[in-house]
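# got a sequence here, can you model it:
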Amino acid sequence: MAVDATLPIYVISVAAELADMHPQTLRQYDRLGLVTPSRAPGRARRYSQRDVTTLREVQRLSQEGVSLEGIRRILQLENQVAALQYRVQELTDELASRRRQPDSSRVFAAGLAGDVVTLSRGQRPRPRSQAMVVWRP
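Numbering: from 1, shown residues only. Have a look, this model is predicted:
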């Protein structure tokens, strides 16, 4: 049985030990927004395995001379890239699903003004302009 990496299970002392850091460092990183743990009832911090991995990455970057602000920006950009990759995968899956479905018989017509009209296959667009472009996916 695999453990969910996002499940907040570690108290601050355990997370600090796993990340090879002092608990006060984890508190500081929380205040700076580098790693934001979940909060248990009573406001106690709870860290996930993903948080511990991030703490290790922060430590590695810090040892390489990257400032805390630089680390924050790197983490922000990595999260943005991951979210975009997830969205691309969603859209790819949706496109593949649509291609597996029988022909939806949609036709799009575009007028000179840039308007787009959805038509059924075999239906003609109402003449609004003299030049119409018809596109069939």
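# quick one: pLDDT of the residue nearest to the spatial centre of the chain?
In the chain, the centroid-proximal residue (CA atoms, centre = their mean) is Ala83; its distance is 1.5 Å. Looking at Ala83, its pLDDT reads 96.
# what about it, which helix or strand?
Using DSSP states H and E, Ala83 sits within helix 68-100.
# what comes up buried for that helix?
Under the neighbour-count criterion of 16 or more other CB atoms under 10 Å, helix 68-100 has Ile71, Arg72, Leu75 buried. No exception for glycine: its C-beta is placed from N, CA and C like everyone else's.
# contacting residues for Pro37?
Pro8, Ile12, Ala15, Leu26, Asp30, Arg45, Arg46, Tyr47, Ser48, Asp51 (CB atoms under 8 Å, 6 or more residues apart in numbering).
# closest to Gln101 among those?
Among these, Ser48 lies closest to Gln101 (CB to CB), at 38.3 Å.
# now do the phi/psi pair for the closest one.
Per-residue torsions, Ser48: phi -100, psi 170 (degrees, to the nearest 10).
# hang on, the earlier thing: dump the contacts of Pro37 to TSV, plus pLDDT, neighbour count and distance to Thr92.
Output for those, formatted as TSV (pLDDT from 0 to 100; neighbours: other CB atoms under 10 Å; distance: CB to CB, whole Å):
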residue	pLDDT	neighbour count	distance to Thr92
Pro8	86	18	31
Ile12	93	17	40
Ala15	94	24	35
Leu26	95	24	37
Asp30	93	16	36
Arg45	90	20	37
Arg46	93	17	34
Tyr47	94	25	33
Ser48	93	20	28
Asp51	94	25	29
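# which one of those residues is nearest Arg99?
Ser48 (37.0 Å).
# what's the neighbour count on Leu34?
By the criterion of other CB atoms under 10 Å, Leu34 has 22 neighbours.
# can you pull the pLDDT of the nearest residue to Gly33 once chain neighbours are set aside?
Nearest residue to Gly33 in three dimensions, chain neighbours excluded: Arg72, at 6.5 Å (CB to CB, 6 or more residues apart in numbering). In this model, Arg72 is scored at 94, pLDDT.
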